[in-house]
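1. Starting from these lines, generate the structure:
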Amino acid sequence: MRGRGSNITGNPVLIGAATVLVIVVAVFLAYNANSGLPFVPTYTLKAQVPNAAQLVPGNDVRIGGTRVGAVSDITVQKQDDATVIAVVTLKLDKAVEPLPKDSTVLVRSRSALGLKYVQLTRGRQSGGYQDGDTIPLAKATPQPVEFDEFLNMFNDKTRKAAEENTLGFGDAFAGRGESINTAIGAFRPLLRDIIPVARNLGSPQTNIKGFIRELSDAAAIVAPAAETQAQLFVNLNTTFGALRQVARPFIQDSISEGPATLDTAIAEFPRQRPFLLNSQHLFAELRPGVRALRQAAPELSSALVVGTPTLRRSVALNRRLKPLLRELQTFSEDPMVPRGLVALTGGLRSLRPTLDYLAPAQTKCNYIALWFRNIGSLLSEGDKNGTWQRFIIVSAPNGPNSEGTPSAKPANGPGVDNHLHTNPYPNTRAPGQPAECEAGNEKYLSGQTVLSNVPGTQSGKTEPTD
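-> The predicted model follows:
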């Protein structure tokens with residue numbers, strides 16, 4: 001017969017010792033859970049990364065968003081060029097082994113608070129890293145963009161420039177609503193007229209390829225004669241420069257005394273009468289032009305002086321244009337160009353209904369100009385506490401499904417204030433809609449829940465900005 005002390009359930013010391021042992025084992029397993037459970041085989045690799053800032057042992061290692069291991073250690077390694085990199089020891093699941101050698105490693109942010117993890121992008125090579133191998137620094141691509149680097153873009157100068165740009169655009173559009181309406185209204189005939197133009201350019205009968213080719217040939221023909229043309233302008237400059245010195249009074253007197261000389265010649269040379277008569281008619285017709293040329297001679301001389309070096313430089317320009325025109329010829333001979341023009345024609349044709357639908361929002365309701373005017377006031381106007389662009393806590397009304405608490409449906413009473421008013425698609429006088437500019441003109445229906453357009457027809461115009 002057994003004694004009562006031989007039963008373990010009757011011994012408080014043994015029960016307490018067993019309980020403490022179980023708790024110690026549970027705490028040990030929980031403490032080491034992030035770095036892997038004991039007695040579980042792992043696949044260990046080391047990875048060289050340029051920066052392991054805010055990465056700590058225990059952080060996740062993920063492939064395709066799935067956790068496949070954890071970071072067990074982080075060390076520092078100095079390179080031959082005196083730069084310092086980090087070596088991260090990765091303790092991975094055996095299912096990952098072997099990791100292909102064309103895989104990449106990247107330290108990524110997990111949250112805006114600085115938590116990070118290591119992302120492995122698995123490659124496709126047949127060979128892989130053995131247990132204990134090191135992933136080289138060249139596989140740590142691409143270079144991640146840190147959250148603080150992103151925020152550093154919005155420095156004082158950038159924020160100031162954004163504010164000035166917004167104010168400038170607001171001032172630019174303010175008071176120009178009529179001009180914007182006119183411009184948008186002009187888009188419709190532009191799109192209507194550009195469709196046949198594009199269709200004509202894409203037609204084989206237009207032969208745009210031949211046109212570009214002939215332009216190239218013309219440039220090639222003109223290029224050898226460029227020096228001759230330049231020398232012609234040089235000689236004209238010399239001639240007009242010499243004439244400028246004797247324009248007054250010598251050339252002027254010669255022109256003034258020309259009729260008397262011609263009369264004398266007619267009297268002295270009767271046989272030359274037909275010739276002289278024709279010459280008289282010629283000089284009579286040239287007289288207004290010569291009179292104008294006398295006054296414009298200095299300006300023409302200056303133009304020739306400026307044009308001479310310009311024409312010399314045109315030789316190099318013609319040489320540079322030659323490959324451009326060849327590229328244009330190649331472009332025109334591409335069989336895809338007519339197809340592109342046909343596709344452009346279809347795109348413009350499909351854009352026309354959209355423009356017909358959106359145009360009344362500005363041409364009739366003036367919404368674009370009003371938005372830019374108001375957004376400019378948002379950043380420039382305010383009180384002693386700052387501009388109107390700030391966050392204000394608004395207390396929601398009490399009642400079922402109010403906006404102050406989670407709700408299963410829109411707020412609909414029973415109080416007068418506890419009603420949701422929203423109109424995500426107000427009428428803007430578009431085709432198929434009533435002739436009303438509903439946004440900004442809709443009435444607030446107290447005590448009623450409004451989830452779409454307000455009943456009735458509102459005003460057909462908004463506040464002008466001109």
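2. Mind giving me the packing neighbours of the top helix by length along the chain?
-> Longest helix in the chain, counting residues (DSSP state H): helix 273-333. Where contact means 3 or more Cβ pairs under 8 Å, 6 or more residues apart in numbering; DSSP states H and E, helix 273-333 is packed against helix 208-222, helix 226-246, helix 252-256, helix 258-268. Using the backbone N, CA and C atoms, a C-beta is placed for each residue, glycine as well.
3. If we use 7 Å, what do you get?
-> Under the contact definition 3 or more Cβ pairs under 7 Å, 6 or more residues apart in numbering; DSSP states H and E, helix 273-333 sits against helix 208-222, helix 226-246, helix 258-268.
4. can you put these in a markdown table and add mean pLDDT and distance to Thr428?
-> Formatted as a markdown table, the helices and strands packed on helix 273-333 follow (pLDDT from 0 to 100; distance: least, Cβ to Cβ, whole Å):
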| stretch | mean pLDDT | distance to Thr428 |
| --- | --- | --- |
| helix 208-222 | 85 | 41 |
| helix 226-246 | 83 | 59 |
| helix 258-268 | 79 | 75 |
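5. Including mean neighbour count, could the ones you listed go into CSV?
-> Output for the helices and strands packed on helix 273-333, formatted as CSV (neighbours: other Cβ atoms under 10 Å):
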stretch, mean neighbour count
helix 208-222, 15
helix 226-246, 14
helix 258-268, 12
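6. May I have the lengthiest strand in the chain as CSV, with CA atoms only?
-> When the chain is parsed with DSSP state E, its longest strand is strand 66-78. Only the C-alpha atoms of strand 66-78 are listed here, as CSV (Å, rounded to 0.1, in the frame of the first residue of the first chain):
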residue,chain,number,x,y,z
THR,A,66,6.3,37.4,-46.2
ARG,A,67,8.5,37.1,-43.1
VAL,A,68,11.2,34.6,-43.8
GLY,A,69,13.6,35.4,-40.9
ALA,A,70,15.1,38.0,-38.7
VAL,A,71,18.2,40.2,-38.3
SER,A,72,20.5,38.6,-35.7
ASP,A,73,23.5,40.9,-35.7
ILE,A,74,24.8,44.1,-37.2
THR,A,75,28.5,45.0,-37.5
VAL,A,76,30.6,47.7,-39.2
GLN,A,77,33.2,47.0,-42.0
LYS,A,78,35.8,49.4,-43.4
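7. Need the residues that contact that strand.
-> Contact with strand 66-78 is made by 34-36, 52, 55, 57-62, 84-93, 96, 118, as judged by Cβ atoms under 7 Å, 6 or more residues apart in numbering.
8. if we can go back for a sec, of the helices and strands packed on helix 273-333, which is nearest Tyr129?
-> helix 208-222 (56.6 Å; Cβ to Cβ).
9. I'd like to check the angle between that closest one and helix 226-246, please.
-> 60 degrees (axes from the mean of the first three to the mean of the last three Cα atoms, to 10 degrees).
10. Could you tell me how far helix 208-222 lies from the centre of the chain?
-> Taking the mean of its C-alpha atoms, helix 208-222 sits 35 Å from the chain's own mean (Cα atoms, centre = their mean, to the nearest Å).
11. which helices and strands sit right next to that helix?
-> Looks like helix 208-222 contacts helix 273-333 (3+ Cβ pairs under 7 Å, 6+ apart).
12. Could you list the domains of the protein?
-> 1-31, 41-149, 208-337 (automatic domain parsing).
13. closest one to Gly376 among those?
-> domain 41-149 (30.8 Å).
14. Quick one: mean pLDDT for the closest one?
-> For domain 41-149, mean pLDDT is 83.
15. One more: stretch 435-443?
-> Stretch 435-443 carries an average pLDDT of 85.
16. With just CA atoms, put that stretch into CSV.
-> C-alpha atoms of stretch 435-443 as CSV (Å, rounded to 0.1, in the frame of the first residue of the first chain):
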residue,chain,number,x,y,z
ALA,A,435,-29.0,74.7,-66.9
GLU,A,436,-27.7,75.5,-63.3
CYS,A,437,-24.3,76.1,-61.6
GLU,A,438,-25.2,74.0,-58.6
ALA,A,439,-21.9,74.1,-56.7
GLY,A,440,-21.8,77.2,-54.6
ASN,A,441,-25.5,78.0,-55.2
GLU,A,442,-27.3,75.0,-53.6
LYS,A,443,-29.6,75.8,-50.7
